[in-house]
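>>> I'd like to go over a predicted model; first the sequence, then the structure.
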Amino acid sequence: MAGADTSAFRVERSAVGVPRGSADWSGPGSRGPRRRFTWNYFVWSLVWPQRSHRIVPTPAGLVLIGLAMGIGTAAYNSSSNILFITLSLLLACLILSGVLSWLNLRGVSWRLQLAPPFRAGQEAVVALELRNAKNFLPTYGLWFELAARIVADTRDHRPESTWTGRNLDVRKMLAQADAAESRGQLALRSRLDPRGEARLDWVFKPAQRGALRVELASVGSLFPFGFLKKGISTDLRAEVVVWPAPVEYRRHAFAALRRPAGGERVTRAGNGGDLLALRRYETGDSHRLIHWKASARTQTLLVRQDSAESAEGFSLWLQTDAAVWSRPEQFELLVSFCATLAEDLFRAGRLLGVAIDDEPPSPVRRVPDLEAFLDRLAVVRPAGVGGAVPSPREGSFPMRGEGTAPSLNAKQNVMTFAPEGARGVQAYVDGKKAAAT
Amino acid sequence: MSMEKKRPQLSLDELHQLKWLLGGALTLLAVSTVFYMDIEAWALMALTIVTTLACMLWPTLPARVPPLVHVLAFPLIVAFFVGDLWLTASPLPAMVRLDMLLLLYRGVSYRQRRDDLQVIVLGLFLIVVAGVLTVSLVFAAQLLVYTGCALAFLLAVTLVSSAEGAASESGKVKNVAPAWAVHADGGRLARRLREVADWRLVVLGSALFAGVVVVSALLFLAIPRFQLENSLFLDRFMAKKSKTGFNDSIKFGDVTDIQQDTSVALSVDVTDRTQFPVSPYWRMLVLDQYDNGTFRLSPVLRRSAFGTERTDTVVHGEARPRLGAAVTWTFYLESGVSRYLPLLGSFEVLRFREPQNFRLGALVNVLALRDEPLTMSAYRVEGFELSASLPDPTFPAAARRREHNIHTGLSVSAEDHAKLDRLTNEITAGAQPGAAEFAQRAIAWLRQNHSYSMSPTLPPGAGDPLVRWAASREAGHCEFFAGALVLLARNAGFAARVVTGFRGGTWNGYSNSFTIRNSDAHAWTEIYDPTAGGWLRADALELPAAAQGADAKTEAALAARSDRSWSARLDSLRVFWYRRIVSFDQRSQLETLKEVKAAAQSSSRRLRDLLTASVDSLKAWLVEPWSLRRGAKFILIVGALLAAGWAVRRHSRDLWQMLVRGGAARRDDPVRADASRWLERLRATSGGPETAGEVVGELQRLRFGARATWREPEQVFHRARLAWRAARSNRRRVSRP
């Protein structure tokens, strides 16, 4: 079977993927609380960079500084006012450079906009929106250092001392941390007009699933003359969940799939033409599904729930026992396989419910249900590692007490997973092989 | 990238073209310093200028340079420099030529960022060297223009780098024309620049550049000054030569050659202008030895009259200190005039700005620097003795010891002696006049027999040329007159010598300084008068006292010499440059600080006095008896003030908004313009229906409100049209009888 094509699968917005602070602008032009003006602060701000500002001379700046020092030495040595004039002009140019740099950054604000879903191994877009609030001065030549890293779960980490951590290969760990981090630089190549806005896109590939933190590490500029590299460190960050990477798998024909008797319909929601039930309208529901008559009668917005055309349905049960999934790469493959199957089954209208470990199963009727499951898959870890150890009951799907839950146990078709060899993962339906990676 | 409001913007290619042009302009500016630097690099300069201009006009030319040139460029340039240094043994000119070669190479190759920085540094080196060597006012102008161009160039470099990002030029092939060079079009670039330019940015840029100039001036004044002992002068690295004829020997025509030059030779500031002589003679050099048409400073006089060489900033002269504040004369001697400093007479103290190596000939009143100054030399003299005679009490004794017999010697043939005897007899008419009397008679005789001409002709024949001229009736210039007078005086038995220097000058009314040009160069005679015990000045070309107006002292004489031409304005700038910039030192710094303090104090005092006087007069006016007229006047004034305040309050914000946000954008908005027109129409038709008020509100929202709050403009205009028609018909109905 070909790999699951998830690009066509549009998910509007991940519930977990809303970037924190996405609506907030930050930067010199953001309308944050302004510091009260004091002469003391003003004078110090002229001679000392602000806390988050860093100014580093560029090679051209070093040349200028060397030139100024050489000319200054020669001026004092020869008492030549010509050299003093040149020195004064060089210093004045440095001051002008600082003033123009300040003017360039003044009134500029930025914010991060993330557009989930993010999938491991697939290109993701982080948008950086810029705004210039100045009235007639444009802004030029900014660049933005962005970083994205998976927020590590530190529950199973323990602090190390020089004694206990003696055998740790710190360099290797640091290299791993660096490798797990994506860094990028966005440059404002054209002019940002006064009262104008611009959008810069950073495209990168998240290496692995998990909670991804995207940070705007710093904003830099060489404007106007390239003598000094001015950097402003920011605390702008956004978090988004990276879903597991889709994987290729092969499907086995299995005879044990329990088919309902002819004409028997499974009471689950689907894309069929028959009305199954009515329920309250929820955000994200299509307006075409609204049952106007019932809504008018009950004075509540109700939507139709149609029954599925196909009666065959599956339930996914992911068991993450650390003892079974001792190899991390195999566990990652398991999660990706599970996510891919979930998406494929949902697209085919054959996904009934999902469960992880001993949690009660959740029905998957709509896209948000699937997204919630994928969000959970993104952060799932082997049970027993730093968390509560579940007590999986092999072969039996956990029961859910809610009335709306499908009676899965009655219908079975529960898809479970088990390692296949040292690397592979096998999916079983009611104990029969159904698919494998 | 999406923009809310898009103005035209230079593309990357256009930025490249602008950068290329600015780099070329920097090269041209830097290389043009050779025009006034007096370094043998004219051919190189011409080549660089022509090549750079060609490459600026046709940016694809560098692509035609063979790759081998780029390979061999660096070794060849280094070899040229080493050879140049070895052959000329003059490091600074060799470095200048090396600099120009590098600029030439950068001009004919496509530059990367580091090459652009090289161009700036190389050009700055040339300009600074030229400034230090010449101390010329041109340097200031050139440095300012260069700074402006360099800042624009750096800005373009930064914008190009930022626009290119990672796709920089590194690794590009030098003999392939880039796209921007292929599509370069100067006219189109100029049009694009005009389109892109925003007048507010241009004004801001100009203001910022003016700010740079002001800040650099303040820094220049504020930088602490102190003198280091081991001074380093760039001119030490240059082989020196004199440009003028004011040397130890003068042939006929040397002074006249100088007179052809009308450039400024000397500027003089004086603290008391009433002390200025009516006809100033600026003595520089005394020439006592004559031989076949050439006067020179004899080794004897050089040995006996000049002291040992000293290095100091202060020179004490022979003049005795006088009571009262001494008049201070500040001289700004241009480079290349002479190493002998012009002086008005004997002096008390002479001070240099920096230590100088010099020899003072106190008795001949000549001060000689060891080296020819290549830059302007400033010195300050206190206590000049302004007299037509120079006391020399030691001369009789020295003459008795035959040390100064050279002053009386005549190295001419017997035939020339006979001619001189005949001429002397004509002058003295057989009498035995004293030195002063003889000088007067000889001058009268010379003026009677010879006229003045800048292009004299020597009569042909054998013998001494000066004797031939004296015996003829040919016209001559100052050297002939002075030389002939010396020969005649010596033949008559008086010690005599030629003195060279300047005579006269003009008073610059703008800078209040005296300007002496090279065209004022002059030669005259000094005859020793035993009765006066000194050397009398005898100038055959001096105007008689009656012609000058003997009573026309100082002020009137200066007024007669006053120069208010355009060249005088330029000269005044030059003097300002010398006074305030070049001669600025620790003392000037303190004086400036004191002046600033005094000016601030006096200004605040004047302001305080003005305020006090105004308040007092207002109080006095208020307590006067009130009349109807005064009341009306008071109401009028208060009303005018209130109206002005209201107008400022009402319109200042709009004006400011129009200034900073661009009035054009709001004016050009068709919806706002239509709303404005409808408001005018509705205002004109009064008495409309009740709905007019609502429509007016909507129109005002369209006219002044934020765009986000607008309703559908077409509907509003439609309702406005209906309201206007209704109001018009209503008015017609009312007006109908």
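Structure received. Numbers count the residues shown, from 1 in each chain, chains lettered A, B, ... in the order given.
>>> wouldn't B:Leu343 be in contact with B:Tyr281 here?
No - checked against C-beta atoms under 8 Å, the pair B:Leu343 and B:Tyr281 is beyond contact range at 9.6 Å. Placement of C-beta: from N, CA and C, glycine included.
>>> from the chain's centre, how far out does stretch A:200-211 sit?
Taking the mean of its C-alpha atoms, stretch A:200-211 sits 7 Å from the chain's own mean (C-alpha atoms, centre = their mean, to the nearest Å).
>>> and what of stretch B:352-364?
Taking mean C-alpha positions (C-alpha atoms, centre = their mean), stretch B:352-364 and its chain are 27 Å apart.
>>> quick one: contacts of it?
Defining contact as C-beta atoms under 8 Å, 6 or more residues apart in numbering or on different chains, one finds that stretch B:352-364 is touched by A:79, B:227, B:231, B:286, B:301, B:305-315, B:317-318, B:346, B:366-371, B:377-379, B:390, B:392, B:394-395, B:583, B:585.
>>> Now do the nearest residue to B:Ala538 once chain neighbours are set aside, the pLDDT please.
Take B:Ala538 and drop its neighbours on the chain: the residue closest to it by C-beta to C-beta, 6 or more residues apart in numbering or on different chains is B:Ala439, 4.0 Å away. pLDDT recorded at B:Ala439 is 91.
>>> mind listing what B:Ala439 touches?
Contacts for B:Ala439 (C-beta under 8 Å, 6+ apart) come out as B:485, B:489, B:525, B:527, B:536, B:538.
>>> was I right about B:Val315 contacting B:Val349?
Yes - using C-beta under 8 Å, B:Val315 and B:Val349 qualify as a contacting pair, with a distance of 7.1 Å.
>>> And the longest strand that chain B contains, what's buried?
For chain B, the strand with the greatest residue count under DSSP state E is strand B:349-361. Under the neighbour-count criterion of 16 or more other C-beta atoms under 10 Å in any protein chain shown, strand B:349-361 has B:349-350, B:352-353, B:356, B:358-361 buried.
>>> again, but for stretch A:123-140
Going by 16+ other C-beta under 10 Å, stretch A:123-140 has these buried residues: A:124, A:126, A:128-134, A:136-140.
>>> Can you say which helix or strand has the residue nearest to B:Ala538 in it?
helix B:435-449 (DSSP states H and E).
>>> Centre of the chain to stretch A:107-126, how far?
Using C-alpha atoms, centre = their mean, the offset of stretch A:107-126 from its chain centre is 7 Å.
>>> Distance check, B:Leu642 against chain A.
31 Å (C-beta to the nearest C-beta, to the nearest Å).
>>> for the spatially most central residue of chain B, what are its contacts?
Chain B has B:Leu137 as the residue nearest its centroid, 2.8 Å off, counting by C-alpha atoms, centre = their mean. Taking C-beta under 8 Å, 6+ apart, we find B:Leu137 in contact with B:573-574, B:577.
>>> out of those, which are buried?
Counted by 16+ other C-beta under 10 Å, the contacts of B:Leu137 give B:574, B:577 as buried.
>>> In helices, which of the contacts of B:Leu137 fall?
B:573-574 (DSSP state H).
>>> could the contacts of B:Leu137 be laid out in CSV, adding distance to A:Val335 and pLDDT?
Listed next are those as CSV, based on distance: C-beta to C-beta, whole Å; pLDDT from 0 to 100:
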residue, distance to A:Val335, pLDDT
B:Leu573, 82, 86
B:Arg574, 84, 84
B:Trp577, 80, 85
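>>> And the contacts of B:Leu137, which is closest to A:Arg251?
B:Trp577 (91.8 Å; C-beta to C-beta).
>>> Might you report the residue contacts of the closest one?
B:137, B:140.
>>> how deep is B:Ala399 tucked in, by neighbour count?
16 (other C-beta atoms under 10 Å in any protein chain shown).
>>> can you check B:Pro178 too?
Once other C-beta under 10 Å is used to define contacts, B:Pro178 is seen to have 19 neighbours.
>>> near chain A at all, the longest helix seen in chain B?
Under DSSP H, the helix in chain B containing the largest number of residues is helix B:586-623. No - figure legend: helix B:586-623 not in contact with chain A (C-beta under 8 Å from any C-beta of the partner chain); closest approach 9.3 Å.
>>> The helix or strand just after that helix vs helix B:586-623, what angle?
Past helix B:586-623, further along toward the C-terminus, the next helix or strand under DSSP H and E is helix B:628-661. Counting by axes from the mean of the first three to the mean of the last three C-alpha atoms, to 10 degrees, helix B:628-661 lies at 140 degrees to helix B:586-623.
>>> Buried residues, stretch A:180-196. List them.
Those would be A:182, A:186-196, for stretch A:180-196 by 16+ other C-beta under 10 Å.
>>> Find the helix or strand that the nearest residue to B:Ala25 once chain neighbours are set aside is a member of.
Once flanking residues are discounted, B:Ala25 sits nearest to B:Cys149: 5.3 Å by C-beta to C-beta, 6+ apart. Using DSSP H and E, B:Cys149 sits within helix B:137-164.
>>> Only the buried residues of that helix, if you could.
B:137-140, B:142-144, B:146-147, B:149-164.
>>> Could you do stretch B:95-114 as well?
Under 16+ other C-beta under 10 Å, the buried positions of stretch B:95-114 are B:95-113.
>>> Now that stretch - C-alpha only, PDB.
Taking Å, rounded to 0.1, in the frame of the first residue of the first chain, the C-alpha atoms of stretch B:95-114 are listed here in PDB:
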ATOM      1  CA  MET B  95      52.300  55.200  -1.200                       C
ATOM      2  CA  VAL B  96      50.100  57.700  -2.900                       C
ATOM      3  CA  ARG B  97      50.800  56.200  -6.300                       C
ATOM      4  CA  LEU B  98      50.200  52.700  -4.900                       C
ATOM      5  CA  ASP B  99      46.900  53.900  -3.500                       C
ATOM      6  CA  MET B 100      45.900  55.200  -6.900                       C
ATOM      7  CA  LEU B 101      46.900  52.000  -8.600                       C
ATOM      8  CA  LEU B 102      44.700  50.100  -6.200                       C
ATOM      9  CA  LEU B 103      41.900  52.400  -6.800                       C
ATOM     10  CA  LEU B 104      42.400  52.100 -10.600                       C
ATOM     11  CA  TYR B 105      42.300  48.300 -10.300                       C
ATOM     12  CA  ARG B 106      39.100  48.400  -8.100                       C
ATOM     13  CA  GLY B 107      37.600  50.700 -10.700                       C
ATOM     14  CA  VAL B 108      38.000  48.200 -13.500                       C
ATOM     15  CA  SER B 109      36.800  45.100 -11.700                       C
ATOM     16  CA  TYR B 110      33.500  44.200 -10.200                       C
ATOM     17  CA  ARG B 111      33.600  44.800  -6.500                       C
ATOM     18  CA  GLN B 112      32.400  42.600  -3.700                       C
ATOM     19  CA  ARG B 113      31.600  44.000  -0.300                       C
ATOM     20  CA  ARG B 114      35.200  44.000   1.000                       C
END
